[in-house]
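# build me a structure from this.
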Amino acid sequence: MSANFGVTFGICLVVLLFQCGVPSHAMLNPIDFLALQSIRRSLRDLPGSNYFSAWDFTSDPCKFPGVFCDADRVVALNLGDPRAGSPGLTGRLDPAISKLSALAEFTVVPGRVFGSLPQTLSRLRFLRFLAISRNYLTGEIPATIGQLRGLRTLDLSFNQLAGSIPPSIGTLPALSNLILCHNRLTGSIPPFSSRTLTRMDLKHNDLSGSLPVHGLPPSLQYLSLSWNRLSGPVDRAVSRLNRLNYIDLSLNRFTGPIPACLFTFPISNLQLQRNQFAGTVQPVQPVRIQTVDLSYNTLSGHVSAMFSSVENLYLNNNRFTGEVPRSVVEQLLAGSIRILYLQHNYLTGIVGINPTVQIPLRSSLCLQYNCMVLPLHASSCPLKAGTRKTRPMSQCREWKG
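Just a heads-up that it's a prediction; the model follows:
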């Protein structure tokens, strides 16, 4: 018996049940009914999960948990128990999903679903929301996903996907959320043309290359690219992103200066640590960002007084010189600055701190391994700062030139 004959026979059987007055599936299109059966056969509950126990095909599938219908078609399919801590499902995603031609939303709860994404997903022309996170998907992201022109959210995070991000995804006109973090993706970040893209989370992959200069849309509000191998300057790519309220570029290989405009964005955390940024850092106005982390770069010059309004300031492990400004010290002593990490630089002094000054208990100051005699109350350092109090004078003389 050919495969096509089997499918035709199955559809005829379901239609016959309709005609015989059996109420069990009378609400659902026969093609969708058979597709749900195929999906059910390809997946099973993990121990402790009872999600599929209610999938009894002698009753109306539109009343199954996770199945939502409009008239006689399935429009949303949420596979697995959505409660936090649920064991989830295991098995593979059956290509029959593409038979649910009216599907607008498809999700799979965290579990152990493995294998590749079906290429046939591209046939779901009404799909708006696709989220399969925290499973064990492997293989590459199908380039055919770029055919889902109405797709708004693509979340494939916390899987084992490899290969590059298909350039076709960058052409999706309605894309708002792209979440591909914690995979094994390689290659460069493609340019994105969507004017509605607000969230891009690509952290914890193996992406490389530079940021696309005109490929990050100004609509972005959340940008996380940490823990990759991205390189090159960032000034031209990020200067247009003035709607950002979160940015994390840490643990990459970015070079060049830190754009001054970043310090004016409406963000609460600026994470640029562990890169290869160089040059001076001179914000043009007081920095109204709660946490600024520029540690472990090769930044130089004086510490800017514009940082006195930052609550948690990490400038350690750079090449800063000169004295710590009085305005920064005053805010530290007032308790407005909670963390001031300046260790492993070439600083020569700190204005306004003497042996009688008490630093608030809730504040931490670390000045270890600089070119100065440490104040008595500057020992709130993390363990990784080491035990050496000051730099060798030979290094200090060499750095001063």
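# rest of the way, CA atoms for contacts and neighbours
OK.
# tell me if I'm right that Ser231 and Gly256 touch.
No: with contact defined as CA atoms under 8 Å, Ser231 does not count as touching Gly256 (9.8 Å).
# Arg73 and Ala102 touch, don't they?
Yes: using CA under 8 Å, Arg73 is in contact with Ala102, at 6.3 Å.
# how far away is the residue nearest the centre of the chain from Val75?
In the chain, the residue lying closest to the centroid (CA atoms, centre = their mean) is Asp201, at 2.7 Å. Remark: distance between Asp201 and Val75 (CA to CA, to the nearest Å) = 27 Å.
# repeat for Ala35
13 Å.
# what's the overlap in contacts for these two?
Both Ala35 and Val75 are contacted by Leu100, under the criterion CA atoms under 8 Å, 6 or more residues apart in numbering.
# quick check: closest non-adjacent residue to Ile97.
Spatially, and ignoring its direct neighbours in sequence, Ile97 is nearest to Ala35 (6.3 Å; CA to CA, 6 or more residues apart in numbering).
# which SS class is the one you found?
helix (DSSP: H, G, I helix; E, B strand; the rest coil).
# ok, Gly215 touching Ser188?
No: under the criterion of CA under 8 Å, Gly215 is not in contact with Ser188, lying 11.5 Å apart.
# compare those two (neighbour count), which wins?
Taking other CA atoms under 10 Å, Gly215 and Ser188 do not tie; Ser188 has more neighbours (19 against 15).
# where in this protein is pLDDT low?
For the chain, the stretches flagged by pLDDT under 70 are 1-26, 355-356, 376-379, 400-401.
# which stretches in the protein count as helices?
For the chain, the helices defined by DSSP state H cover 3-19, 30-42, 235-238, 326-333, 393-400.
# for the shortest one, which positions count as buried?
It refers to helix 235-238. In terms of neighbour count (16 or more other CA atoms under 10 Å), helix 235-238 has its buried residues at Asp235, Ala237, Val238.
# which residues sit against stretch 122-136?
For stretch 122-136, using CA under 8 Å, 6+ apart, the contacting residues are 98, 100-115, 144-160.
# how far off centre is it?
17 Å (CA atoms, centre = their mean, to the nearest Å).
# show me the contacts for the nearest residue to Asn316 once chain neighbours are set aside.
Once flanking residues are discounted, Asn316 sits nearest to Leu342: 4.3 Å by CA to CA, 6+ apart. For Leu342, the contacting residues are Tyr314, Leu315, Asn316, Asn317, Leu365, Cys366, Leu367, Gln368, by CA under 8 Å, 6+ apart.
# among those residues, which ones are in strands?
Here DSSP state E is the test, and the contacts of Leu342 give Tyr314, Leu365, Cys366 as lying in strands.
# show me where the stretch 151-300 of the chain has its strands.
In the stretch 151-300 of the chain, the strands defined using DSSP state E, counting those that start in this stretch lie at 153-155, 162-164, 177-179, 184-186, 199-201, 208-209, 222-224, 229-232, 246-248, 253-256, 269-271, 276-280, 291-293, 298-302.
# who does the first one pair up with?
Sheet pairing for strand 153-155, assigned by DSSP bridges, gives strand 129-132 (parallel), strand 177-179 (parallel).
# returning to that earlier point: roughly how far apart are the residue nearest to Ile97 and Gly187?
Taking CA to CA, one finds Ala35 at 35 Å from Gly187.
# before we move on, what about Gly66?
Gly66 sits at a distance of 36 Å from Gly187 (criterion: CA to CA).
# cool, and Arg236?
Arg236 is 20 Å from Gly187, by CA to CA.
# Asp94 too?
In terms of CA to CA, Asp94 sits 28 Å off from Gly187.
# show me which of those two is the more surrounded one.
The neighbour comparison of Asp94 against Gly187 (other CA under 10 Å) goes to Asp94, with 20 against 17.
# how about the more buried one: what's its closest non-neighbour residue?
Excluding the flanking residues, the one nearest Asp94 by CA to CA, 6+ apart is Ile39, at 5.5 Å.
# do Ile359 as well
Leu333 (5.5 Å).
# didn't that neighbour look like it was pressed against Leu361?
No: judged on CA under 8 Å, Leu333 makes no contact with Leu361 at a distance of 10.0 Å.
# the more surrounded of these two?
Neighbours per residue (other CA under 10 Å) separate Leu333 from Leu361, with Leu333 holding more: 18 against 10.
# residue contacts, Pro392?
Pro392 touches Cys371, counting by CA under 8 Å, 6+ apart.
# hang on, the earlier thing: of the strands paired with strand 153-155, which is nearest Phe57?
In terms of CA to CA, the element of the strands paired with strand 153-155 nearest to Phe57 is strand 129-132, at 24.8 Å.
# okay, buried residues for the closest one please.
Residues Phe129, Leu130, Ala131, Ile132 are the ones in strand 129-132 that count as buried (16+ other CA under 10 Å).
# what do you get for stretch 260-273?
Per 16+ other CA under 10 Å, stretch 260-273 contains these buried residues: Cys261, Leu262, Phe263, Thr264, Phe265, Ile267, Asn269, Leu270, Gln271, Leu272, Gln273.
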